[in-house]
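1. Only the shape, not the letters, is given here:
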């Protein structure tokens, strides 16, 4: 099971469990800005994730050092036109490197919904590979 699928499953479980405590709560909104290639491979979120991965891979000269590692990064789009990393989950060394790359990068594309946090699955790969590991079964 790939990293993004596990995260989406965990998020759904947490949402369902919280609904048990509040029987009259409204239905949960879908997670914005999260690529879900199994169900929505051509979504704006997946296109954004592919763009992000391509842009970051061009600057990721030491990618081989992090082979096999994964990091899920939560980002918030700032008025300055840059991202603030608000949360990471995964391999610590790769998450730190992803944070550094995102912080140093200029011209990264904004997420589809700029008002919501964006979730980006960062994993070192060849520049020609898709950004979402599930598309290749490599997650």
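-> It's in. What you are looking at is a predicted structure, and each value in this text was computed from that prediction instead of being measured.
2. all strands of the chain, in order?
-> Secondary structure of the chain (DSSP state E): strands located at 71-77, 83-90, 118-122.
3. what is residue 120 paired to in the beta sheet?
-> Going by DSSP bridges, residue 120 is paired in beta bridges with residue 73.
4. give the contact list for it.
-> 49, 52, 72, 73, 74, 75 (Cβ atoms under 8 Å, 6 or more residues apart in numbering). C-beta: built from backbone N, CA, C; applies to glycine.
5. thought the second one was touching residue 109?
-> Yes: counting by Cβ atoms under 8 Å, a contact exists between residue 52 and residue 109, whose distance comes to 6.5 Å.
6. Those two: who's more crowded?
-> With neighbours defined as other Cβ atoms under 10 Å, residue 52 and residue 109 compare such that residue 52 has more, 24 against 14.
7. Skipping its backbone neighbours, what lies nearest that one in space?
-> Leaving aside its chain neighbours, residue 52 sits nearest to residue 120 (5.7 Å; criterion: Cβ to Cβ, 6 or more residues apart in numbering).
8. what about residue 72, distance to residue 98?
-> Shown here: residue 72 relative to residue 98, a distance of 9 Å by Cβ to Cβ, to the nearest Å.
9. Of these two, which one has the most company?
-> Between residue 72 and residue 98, residue 98 has the larger neighbour count (other Cβ under 10 Å), namely 27 against 20.
10. Hmm, the more buried one is touching residue 88, no?
-> Yes: contact criterion Cβ under 8 Å: residue 98 and residue 88 qualify, at 7.0 Å.
11. which neighbours do those two share?
-> By the contact definition Cβ under 8 Å, 6+ apart, residue 98 and residue 88 are jointly contacted by 71, 73.
12. Just give me the neighbour total for the nearest residue to residue 108 once chain neighbours are set aside.
-> In space, residue 108 comes closest to residue 55 once its chain neighbours are excluded; the distance is 5.8 Å by Cβ to Cβ, 6+ apart. When neighbours are counted by other Cβ under 10 Å, residue 55 registers 17.
13. show me where this protein has helices.
-> In chain order, the chain shows helices spanning 3-21, 44-59, 92-104, with DSSP state H as the criterion.
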